[in-house]
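Asks: let me see the structure of the following:
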Amino acid sequence: MKLERQVWRDDSQARVFAELHIRAFPGFFLSQLGVGFLTLLYSHYLRSEQCYCVAAYDESRPDLPLGLVVAIHQPSLFYKALFAQHRFAFAWRAVPSLLKQPLFVARKLFAAVFYRGDQVESLESERAVLLSTISVAPEAQGRGLGKKLLQCVDEWTHDVDGAFVYLTTDRDANEQVNAFYQSNGYVLESTLKKSGGRYMNRYVKHVR
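Replies: Next comes the predicted model:
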């Protein structure tokens with residue numbers, strides 16, 4: 001298995017990562033906004049100096065990523081600038097999904113555009129790193145790939161003088177994912193109530 005940091009090349013690269021995300025998280029929050037929305041989002045991840053993107057490949061298939069992790073330094077600043085400048089582009093990319101499920105996708109789109117990273121207010125924002133997403137293809141799960149990708153994030157957090165990594169994940173019907181983060185050193189900091197009665201667990205891992 002080869003781990004390689006990713007930078008922007010072209011839209012086809014971003015689309016591959018968007019498709020991996022949907023395969024790893026069928027029916028989840030961002031997946032509901034469609035491949036067009038996710039392709040645009042991943043293109044900005046890959047372009048930004050604030051973002052750290054590492055993909056895992058099988059040596060025999062260098063064109064097909066089996067896993068990807070995205071971490072963001074000072075995420076509130078990243079998302080504020082991203083959606084202030086590109087909110088209409090994101091809305092346009094979500095139109096196909098919006099036409100299929102107008103009320104549901106409209107709520108998801110509204111939440112996405114106003115998302116700022118769910119940062120931990122009690123900790124120093126300048127040294128925050130958000131584990132934005134970690135996607136592992138269904139056929140590669142259970143092979144320790146997720147743990148290796150998390151270790152990459154820990155190392156990068158040190159490199160950018162970050163003090164802690166945090167993330168949010170669904171509290172309910174998500175026992176395996178919650179256990180995965182806990183087994184990798186993340187500690188439950190709080191539970192956030194989102195619109196629609198959705199509860200999210202927020203985990204923190206101090207690396208300094």
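Asks: list the beta-bridge partners for the most centrally placed residue in the chain.
Replies: In the chain, the centroid-proximal residue (C-alpha atoms, centre = their mean) is T133; its distance is 2.2 Å. Per DSSP bridges, the residues bridged to T133 are V70.
Asks: my read: it touches A71, true?
Replies: No - the pair T133 and A71 fails to qualify as a contact (C-beta atoms under 8 Å) at a distance of 9.0 Å. Any C-beta I mention is one placed from the backbone N, CA and C, and that applies to glycine too.
Asks: tell me how far the helix or strand bottoming out on mean pLDDT in the chain lies from the chain's centre.
Replies: In the chain, no helix or strand scores lower on mean pLDDT, DSSP states H and E than helix 102-113, which sits at a mean of 81. Averaging C-alpha coordinates over helix 102-113 and over its chain gives two centres that are 17 Å apart (C-alpha atoms, centre = their mean, to the nearest Å).
Asks: quick one: contacts of it?
Replies: Under the criterion C-beta atoms under 8 Å, 6 or more residues apart in numbering, residues 29-30, 32-33, 37, 83, 87, 90-91, 94, 97-98, 194-196 lie in contact with helix 102-113.
Asks: repeat for stretch 166-182
Replies: By C-beta under 8 Å, 6+ apart, the list of residues contacting stretch 166-182 reads 118-120, 123, 128-132, 146, 186, 188-189, 191-192, 198-205.
Asks: tell me the helices and strands packed up against the strand or helix carrying F90.
Replies: Using DSSP states H and E, F90 maps to helix 75-93. Other elements packing on helix 75-93 under the criterion 3 or more C-beta pairs under 8 Å, 6 or more residues apart in numbering; DSSP states H and E are helix 34-47, helix 102-113, strand 128-136.
Asks: ranking the ones you listed by burial, who's on top?
Replies: Highest mean neighbour count of these: strand 128-136, a mean of 23 (counted as mean count of other C-beta atoms under 10 Å).
Asks: which residues are in contact with that strand?
Replies: Counting by C-beta under 8 Å, 6+ apart, strand 128-136 makes contact with 17, 20-21, 23-25, 30, 45, 51, 66-76, 117, 119-120, 145-146, 149-150, 153, 156-157, 160, 162-167, all of which sit outside it.
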